[in-house]
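Participant: model this:
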Amino acid sequence: MIAARSRGDLGGAEQLLGAFDSDAARARAFWMLAELALGLVRTQTGQTMDELVRELALIVEVSEDRGGSR
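Facilitator: Modelled structure (predicted):
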């Protein structure tokens with residue numbers, strides 16, 4: 001889904017998103033993906049998970065303040 005969206009295939013990304021059988025399943029999948037991605041960043045940067053989450057929260061806040069998404 002992320003690869004489809006990044007290459008501009010929004011229809012494909014929506015189709016893959018719809019393949020989850022429930023909102024709970026979708027939330028679990030995104031949670032696991034976020035945890036995996038942050039773990040990879042943590043390994044590369046040496047930051048703690050708390051530092052990364054704080055930084056991510058600030059990025060989201062700034063993005064929302066600007067009325068957009070990243």
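
Participant: going forward, measure contacts between C-alpha atoms and count neighbours the same way
Facilitator: Noted.

Participant: Touching stretch 10-24 from outside, list them.
Facilitator: The contact list for stretch 10-24, computed with C-alpha atoms under 8 Å, 6 or more residues apart in numbering, reads 1-2, 4-5, 26.

Participant: redo that, cut-off 10 Å
Facilitator: 1-7, 9, 25-30 (C-alpha atoms under 10 Å, 6 or more residues apart in numbering).

Participant: just the residues you listed now: which is nearest Ile59?
Facilitator: Phe30 (17.8 Å; C-alpha to C-alpha).

Participant: So Leu36: helix, strand or coil?
Facilitator: helix (DSSP: H, G, I helix; E, B strand; the rest coil).

Participant: Would you agree Met1 is in contact with Ala29?
Facilitator: No: if you go by C-alpha atoms under 10 Å, Met1 and Ala29 don't touch, sitting 11.3 Å apart.

Participant: and whichever strand or helix holds Glu55, what does it pack onto?
Facilitator: Using DSSP states H and E, Glu55 maps to helix 49-65. Applying 3 or more C-alpha pairs under 10 Å, 6 or more residues apart in numbering; DSSP states H and E, one finds that helix 49-65 makes contact with helix 23-45.

Participant: Okay, buried residues for the helix it packs on please.
Facilitator: Neighbour-count burial for helix 23-45, counted by 16 or more other C-alpha atoms under 10 Å, picks out 38-39, 42.

Participant: how distant is that helix from the center of its chain?
Facilitator: Its chain's C-alpha centre and that of helix 23-45 lie 7 Å apart, by C-alpha atoms, centre = their mean, to the nearest Å.
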